[in-house]
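In: Sequence first, predicted model second:
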Amino acid sequence: MYKFTRIGTLMLVAVAGLVLAAPMPPASAAISPAGIEYDIDFRQATPGQPRIEAFPPCGATQVTVGSGVAGNGVTISELAPSIGIDTFFSALGHVGFPNATLQAVVACLPQAQLGSTTRVTTQFPPTSAVLHKGTVTCPAGFYSFGGGGYFVDAGGFRTSNTDFMTVNAPTPDGRGWAYAARNNSVTDRLVVTARCAQSASPRRDMLVQASTPSVNGQLVTANAICPSGWTAISGGIALIKADGTPSLGFADISMPITNFINPAVGYTVHGRATDLGTSTVARAQCVR
């Protein structure tokens, strides 16, 4: 049974031409999507508020897998699993105009559905570069079913110096997690986490990617769709250059394609890369 929990007012992200259908019975896999649920936190900025944050939670007997975020008048700054806690995510956005809104969603599964899992977290040294970026890789035989990034100061406390997130997605091979964002501090440290699950034999996980070339610096959409009968348990956005490295820019949507009742069939993303020869890329980690 699939359900969603609504916190505040629900704002659905629709993708034209997609038919959302119930999944096929799950095959043997390290993670089974059976019983996936979606919990949502919807926030509206108050006058003069520069940043807005949302915390979609899972139930007490559940564990987070994928996540998503959509802003209306908000550019996404951070999206990450909470530190040391596997029951909720946090999303941070930069407010662009009064009454802007931020919707964050997390996909939740019963602990028993996850099989063998682990968490890999790396703290990267400070940099004077405008764009801070990092990638972490799961152990051999594991794939990434979720992740994210955030920044900490010299004391290890989370900061809010991030402006624009441009990458928050599984790596192209599905075995790790990549994150990139602009940060205004030369002393903050980027922390990137990958949630990792053991692969089944034969494999029942698949990374699907779709890209849309940038058009004169405009916001563009990309949709990564899982094969029929597969469920997107996680995914995200990557604004990348032709050589595959992260681009400057901003994103306002990185969401699972779902009505929050049926399981997600993919990921939809919306962003603008500012470097020349760039693309907006959607990635979906699909399982069955």
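Out: Sure thing, it's come through.

In: Okay, and the beta partners of residue 287?
Out: Beta-bridge partners for residue 287, by DSSP bridges, are residue 205, residue 231.

In: For this protein, which residue occupies the most central location?
Out: Geometric centre of the chain, nearest residue: residue 236, 4.3 Å, by CA atoms, centre = their mean.

In: so that residue sits in a helix?
Out: No - under the criterion used here (DSSP: H, G, I helix; E, B strand; the rest coil), residue 236 is strand, not part of a helix.

In: How about it, nearest residue that isn't a chain neighbour?
Out: When the adjacent residues along the chain are set aside, residue 236 lies closest to residue 169, with 3.2 Å between them (CB to CB, 6 or more residues apart in numbering). Glycine gets a C-beta too; all of them are placed from N, C-alpha and C.

In: and the one you found, what are its bridge partners?
Out: residue 178.

In: can you pull the contacts of it?
Out: The contact partners of residue 169, by CB atoms under 8 Å, 6 or more residues apart in numbering, come to 177, 178, 235, 236, 237, 238, 254, 281, 283.

In: sorry, back to before: thought the residue nearest to the centre of the chain was touching residue 271?
Out: No - look at residue 236 against residue 271 with CB atoms under 8 Å: they stay out of range, at 10.7 Å.

In: shared neighbours, the two?
Out: residue 254.

In: Nearest residue to residue 207 in space, please, no chain neighbours.
Out: Sequence neighbours aside, residue 174 is the residue nearest to residue 207 in space, at 3.4 Å (criterion: CB to CB, 6+ apart).

In: so is that neighbour in a helix, a strand, or just coil?
Out: Here residue 174 is recorded as coil under three-state DSSP.

In: what's the answer for residue 48, then?
Out: Residue 48 ends up coil, using three-state DSSP.

In: now it: how far from residue 134?
Out: Distance, residue 48 to residue 134, by CB to CB, to the nearest Å: 33 Å.

In: What residues sit buried inside stretch 110-119?
Out: Going by neighbour count (16 or more other CB atoms under 10 Å), the buried part of stretch 110-119 is 110, 113, 114, 117.

In: Look at that stretch and report the distance between its end residues.
Out: With CA to CA, to the nearest Å as the measure, the first residue of stretch 110-119 is 17 Å from its last.

In: From the chain's centre, how far out is it? Work that out for me.
Out: Remark: stretch 110-119 is offset 19 Å from the chain centroid, using CA atoms, centre = their mean, to the nearest Å.

In: and residue 112, which of the three is it?
Out: When classified by three-state DSSP, residue 112 comes out as helix.

In: moving C-terminal of the helix or strand bottoming out on mean pLDDT in the chain, what's the next helix or strand?
Out: One helix or strand of the chain scores below all others by mean pLDDT, DSSP states H and E: strand 4-5, with a mean of 37. Where DSSP states H and E defines the elements, the next helix or strand beyond strand 4-5 is strand 37-44.

In: Skip the chain neighbours and tell me the closest residue to residue 206.
Out: Setting aside the residues directly before and after it, residue 206 is nearest to residue 286 in space (CB to CB, 6+ apart), at 4.6 Å.

In: Could you verify my assumption that that neighbour touches residue 209?
Out: No - counting by CB under 8 Å, residue 286 stays clear of residue 209, with 10.8 Å between them.

In: So between these two, which is more surrounded?
Out: Each of residue 286 and residue 209 has its neighbours counted (other CB atoms under 10 Å); residue 286 has more, 26 against 17.

In: Contacts only, for the more buried one.
Out: With contacts defined as CB under 8 Å, 6+ apart, residue 286 is in contact with 205, 206, 207, 208, 226, 227, 230, 231, 232, 233, 266.

In: before we move on, back to that, now, among the contacts of residue 169, which is nearest to residue 248?
Out: The shortest approach to residue 248 among the contacts of residue 169 belongs to residue 238, at 12.9 Å (CB to CB).

In: can you give me the strands for the stretch 151-288 of the chain?
Out: Under the criterion DSSP state E, counting those that start in this stretch, strands of the stretch 151-288 of the chain are mapped to 162-170, 176-183, 189-198, 205-213, 220-225, 231-240, 249-256, 266-273, 279-287.

In: Now the buried members of the contacts of residue 286.
Out: For those, a burial check counting by 16+ other CB under 10 Å picks out 205, 206, 207, 208, 226, 230, 231, 232, 233, 266.

In: With pLDDT as extra columns, can I get those residues in TSV?
Out: As requested, those are arranged in TSV below (pLDDT from 0 to 100):
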residue	pLDDT
205	93
206	95
207	97
208	98
226	98
230	96
231	96
232	97
233	94
266	98
